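Visitor: 3D model of this:
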Amino acid sequence: MTRDHNYSALQEYGGVKGLTNLLKTNPEKGIHGDEADLSCRANAFGANRYPRKKGKGFWVFLWEACQDLTLVILIVAAAISLVLGIATEGIKEGWYDGASIAFAVFLVILVTGMLFSFTHPTPK
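Guide: Presented below is the predicted three-dimensional model:
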């Protein structure tokens, strides 16, 4: 009625006065507001609330942080460095460089995920 500016539909209900009588409300004071009245109105017209948006969880932010091209390249470089280091220097000393790169990438992903989860809180 109001969205389409259809005032003839308002006149079908007897104008503003007739519509307020049909809705059992007072144009000056509003609705009664007691529990029984509010419950009846909620059943008839709905709860008048917006649906909650589902927020992203911490793991989603971590996954999104992993999608960064630079971090993907660093992960691949860490894996290659790990394999080549172990192949050339042995398991005792060959893992240092690759593991260091992997640990740095892990820290960057963790901090990025935490920052995004704190700056984009889930709705309650």
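Visitor: what about the spatially most central residue of the chain, distance to Ala65?
Guide: For the chain, the residue nearest the mean C-alpha position is Gly55 (2.6 Å; CA atoms, centre = their mean). Distance, Gly55 to Ala65, by CB to CB, to the nearest Å: 17 Å. Using the backbone N, CA and C atoms, a C-beta is placed for each residue, glycine as well.
Visitor: Against Ile31, how distant is Asp37?
Guide: Noted for Asp37: a distance of 6 Å to Ile31, by CB to CB.
Visitor: avg pLDDT for the longest helix anywhere in the chain?
Guide: Longest helix of the chain, by residue count under DSSP state H: helix 96-119. If you average the pLDDT over helix 96-119, you get 88.
Visitor: Just give me how far it sits from the chain centre.
Guide: Per CA atoms, centre = their mean, to the nearest Å, the displacement of helix 96-119 from the mean C-alpha position of its chain is 23 Å.
Visitor: For it, name the packing helices and strands.
Guide: For helix 96-119, the packing partners by 3 or more CB pairs under 8 Å, 6 or more residues apart in numbering; DSSP states H and E come out as helix 58-66, helix 69-89.
Visitor: For Asn6, which of these is the nearest?
Guide: Proximity to Asn6 (CB to CB) singles out helix 58-66 among those, at 44.6 Å.
Visitor: isn't the residue nearest to the centre of the chain right up against His120?
Guide: Yes: because the distance of 7.5 Å satisfies CB atoms under 8 Å, Gly55 is recorded as touching His120.
Visitor: host element of Lys56?
Guide: Of the helices and strands defined by DSSP states H and E, none includes Lys56.
Visitor: pLDDT score assigned to it?
Guide: At Lys56, the model reports a pLDDT of 78.
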